[in-house]
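Q: Sharing a model prediction with you, sequence too.
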Amino acid sequence: MTQMLATDPLKNAPTGPQQAEAFTGFYASDRARFFIGHWMLKRVGMWSARDRSSNGFYGLIGYWFPEGRQEHQLGWFMTKRAEAPGIVFEATIEVRNDPDRRFGWKTLIGYIHSKNIRSRAMAERQGGPVDQSAVEPRPSMLAYRLPGPEAI
C-alpha cells in the first residue's frame, strides 16, 4: 500500500477517482506540457498533493526512476491553485525527505525543461544548482541536483 505523507496544511496521498475532475483540468491546462512522470516504479511513485482540510487537488509530486536511468528524480506537476505562497515548496520538501528516510537516497535529481521557469525557480529555492555533470534525458532539459534534507 502506498503511504500518505502529510504536513499541517497538506497531504500527499495516493491518487484516486475522487481527483478525476481536477486531473481533467490539469491535463487540459498549459501546465501539463511539462509532464514527464508515471505511477509506481520501484516502490516509489507520484502522490496527489491535496489540501488537508478541503481535499482540494494541488497537483502531483513524487519520484521517477525508469529502467535505464542512473538517478532518482523528484518531479512535481502542479495546478494554478498550488501557487499560493509556500504550497509547492512545502509539498516538495516533505516528499524529498521521504526517500532519505526509507531508502537512504542522499540526493535527487530534477530534470526540468529549460523553459519551465516556475519549476526551475522551485528547484533553485530548494538549493538545487544545475548539475553540468548529470546526463539529461533530452537536450531541452536542465538537471538540478536537489540536496538532501539536511541542506534545507
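A: In hand now; what should we look at?

Q: Excluding chain neighbours, give the residue nearest to W76 in space.
A: I61 (4.4 Å; CB to CB, 6 or more residues apart in numbering). For the C-beta atoms, the positions are set from N, CA and C on the backbone; glycine is no exception.

Q: Sheet-wise, list the partners of the strand or helix carrying the one you found with their directions.
A: According to DSSP states H and E, I61 maps onto strand 57-64. Sheet pairing of strand 57-64 (DSSP bridges) gives strand 46-51 (antiparallel), strand 73-78 (antiparallel).

Q: Can you add mean pLDDT and give those back as TSV?
A: Below are the strands paired with strand 57-64 laid out as TSV (pLDDT from 0 to 100):
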stretch	mean pLDDT
strand 46-51	81
strand 73-78	86
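
Q: quick one, which of the ones you listed is nearest to E150?
A: strand 73-78 (15.9 Å; CB to CB).

Q: Show me what counts as buried in the helix or strand that the closest one is followed by.
A: On the C-terminal side of strand 73-78, the nearest following helix or strand under DSSP H and E is helix 87-103. Neighbour counts over helix 87-103 (16 or more other CB atoms under 10 Å) mark 87-88, 90-92, 94-96, 98-99 as buried.

Q: Now do the helix or strand just after helix 87-103, average pLDDT.
A: Scanning forward in sequence from helix 87-103 by DSSP H and E, the next helix or strand is strand 108-113. In this model, strand 108-113 has an average pLDDT of 91.

Q: Please apply the same query to stretch 81-91.
A: 81.

Q: Repeat that for stretch 144-152.
A: pLDDT averaged over stretch 144-152 gives 78.

Q: begin at 19 from here
A: Done: numbering now begins at 19, and the last item shifts to stretch 162-170.

Q: Leaving out sequence neighbours, find the closest residue to V148.
A: That would be L160: by CB to CB, 6+ apart, it lies 5.3 Å from V148.

Q: go on, M96?
A: G77 (3.4 Å).

Q: Show the pLDDT at the one you found.
A: In this model, G77 carries a pLDDT of 84.

Q: ok, it touching A100?
A: Yes - here G77 reaches A100: they are 5.3 Å apart, a contact under CB atoms under 8 Å.
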